[in-house]
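Enquirer: Let's see this in three dimensions:
(one chain, ligands or ions: 3)
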Amino acid sequence: MDINIIGVPIYYGADKRGPEYGPEKLREKKVASVLSKYNNKVYDMGDIHVPDVKDYDKFFSHANLKYLDAIMEVNKNLAHTVYSSLMSESFPLVIGGDHSIALGSISGVSRAHKNFAVVWMDAHGDINTQDTSGSGNIHGMPLAKLMNVGHEGLTNVYFQGQKVKPENVFIIGARDLDLGEIALIDKMKLNVYSADEIIEKGINEVMQAVMNKLKVNHVEAIHLSFDLDFIDAEFVPGTGTPVSVGINVDDTKKALKTLAESKLIKSMDFVELNVLLDKNDITADLAIDLLDWTFKHM
Ligand SMILES: NC(=[NH2+])NCCC[C@H](N)C(=O)O
Ligand SMILES: [Mn+2]
Ligand SMILES: [Mn+2]
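Expert: Ligands and ions are numbered 1, 2, ... in the order given. Predicted coordinates:
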């Protein structure tokens with residue numbers, strides 16, 4: 001297949017330096033040639049422009065949505081890039097950057113597909129709003145906005161209204177949810193498979209449950225949004241909000257393999273590599289290994 005690598009060098013959603021060097025780091029690790037094994041044609045489309053901001057821009061538009069204006073702009077442009085990529089029958093691989101970029105990527109996907117699922121592999125739900133977030137960091141909010149909950153600047157990125165149906169949202173690996181997130185998950189009856197459930201039942205059984213629901217929902221495509229902190233903190237020093245008692249690397253690979261073999265993944269985010277926090281490139285090397293593994297099974 002044709003793969004479009006789209007870099008998004010942004011840290012504003014995390015409000016912590018480091019994720020903005022993710023695309024550069026993975027290019028240095030030869031991500032394009034790694035993925036061009038397996039008969040893929042890989043096109044590096046470069047980076048989405050991320051505007052410079054001043055410190056006073058942080059709270060300029062909203063006190064609890066930090067860097068709102070810059071994040072809206074980046075995501076609008078990302079959305080159209082992802083949409084264009086899908087329209088040319090290519091696979092958009094969006095490399096972050098922090099997780100706020102899922103706003104743009106999934107908005108682009110939403111314009112291209114009628115009935116698609118979002119598989120969100122993450123220690124977090126990223127389903128806060130400006131009212132429930134304790135941090136004001138937008139990387140903790142994209143999934144709420146994509147379901148049309150929260151501030152209209154972000155719910156209306158690229159086009160107005162809901163981008164993904166709640167029944168097609170699958171959060172896997174959660175173990176650090178805020179109270180407001182738990183309330184929203186209950187209210188919208190989201191499919192959440194916690195790290196505890198994975199540890200208790202085993203990853204294969206949980207992934208089978210996910211695959212069954214995807215079938216019942218007749219989805220035509222999966223957008224995989226992979227946050228490196230899905231993996232247990234021990235194995236990912238280079239991520240900004242690590243959480244322990246998580247998923248080991250073997251189980252992560254099993255989950256990715258099951259999803260890849262379904263042949264339903266049509267687009268993907270790979271986010272929250274914090275290059276400044278990484279130790280001896282452990283996390284960057286793991287990132288390359290996981291991408292290699294995923295595309296090998298697609
Ligand atoms: N994409 C992430 N790493 N998100 C972490 C979010 C942490 C916390 N729940 C918050 O809203 O601030
Ligand atoms: Mn996340
Ligand atoms: Mn996370």
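
Enquirer: who touches the helix or strand where Ile3 lies?
Expert: Per DSSP states H and E, Ile3 falls inside strand 2-8. For strand 2-8, the surrounding residues in contact (C-beta atoms under 8 Å, 6 or more residues apart in numbering) are 22-24, 27, 31-32, 35, 40-48, 50, 74, 78, 81-82, 85, 88-97, 101, 104, 295. The C-beta positions use only the backbone N, C-alpha and C, and glycine is treated the same way.

Enquirer: Please pick the buried ones from the residues you listed.
Expert: Neighbour counting with 16 or more other C-beta atoms under 10 Å marks 22-23, 31-32, 35, 40, 42-45, 47-48, 50, 74, 78, 81-82, 85, 90-97, 101, 104, 295 as buried within those.

Enquirer: coming back round to it: now intersect the contacts of strand 2-8 with the helices, please.
Expert: Secondary structure from DSSP state H places 22-24, 27, 31-32, 35, 74, 78, 81-82, 85, 104, 295 of the contacts of strand 2-8 in helices.

Enquirer: Widest-spaced pair of the residues you listed?
Expert: By the measure C-beta to C-beta, Val74 and Phe295 form the most distant pair in the ones in helices among the contacts of strand 2-8, at 25.3 Å.

Enquirer: in the stretch 101-250 of the chain, which spans are helices?
Expert: Taking DSSP state H, counting those that start in this stretch as the test, the helices found in the stretch 101-250 of the chain are 102-112, 142-146, 152-155, 179-188, 195-201, 203-216, 249-261.

Enquirer: Which residues of the protein lie near ligand 3?
Expert: 122-124, 227, 229 (C-beta under 5 Å from the ion).

Enquirer: one more time with 6 Å
Expert: When proximity is defined by C-beta under 6 Å from the ion, the chain lies next to ligand 3 at 122-124, 227, 229, 241, 272.

Enquirer: any chance of those in TSV, plus pLDDT and neighbour count?
Expert: Shown next, in TSV, are the residues of the chain next to ligand 3 (pLDDT from 0 to 100; neighbours: other C-beta atoms under 10 Å):
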residue	pLDDT	neighbour count
Asp122	99	27
Ala123	99	29
His124	98	25
Asp227	99	26
Asp229	99	25
Thr241	98	22
Glu272	99	32
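
Enquirer: and these, which of them are in strands?
Expert: The strands, defined by DSSP state E, take in Asp227 from those.

Enquirer: Just send the residues of the chain next to ligand 3 back as CSV, with distance to Leu143 too.
Expert: As requested, the residues of the chain next to ligand 3 are arranged in CSV below (distance: C-beta to C-beta, whole Å):
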residue, distance to Leu143
Asp122, 9
Ala123, 13
His124, 9
Asp227, 11
Asp229, 15
Thr241, 15
Glu272, 14
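
Enquirer: nearest spatial neighbour of His139, skipping sequence neighbours?
Expert: Leaving out its chain neighbours, the residue that sits closest to His139 by C-beta to C-beta, 6 or more residues apart in numbering is Gly13, at 3.5 Å.

Enquirer: With His99 instead?
Expert: Counting by C-beta to C-beta, 6+ apart, His99 lies nearest to His139, which is 4.2 Å off, once chain neighbours are set aside.

Enquirer: If you tally nearby residues, what's the number for that neighbour?
Expert: Look at His139: counted by other C-beta atoms under 10 Å, it has 32 neighbours.

Enquirer: For it, give me its contacts.
Expert: Contacts for His139 (C-beta under 8 Å, 6+ apart) come out as 13-14, 98-100, 126, 272.

Enquirer: just Ser85 next, same as before
Expert: By C-beta under 8 Å, 6+ apart, the contact list for Ser85 reads 4, 6, 45, 91-92, 108, 267.

Enquirer: Relative to ligand 2, how far out is it?
Expert: Going from Ser85 to ligand 2 by C-beta to the ion, to the nearest Å gives 22 Å.
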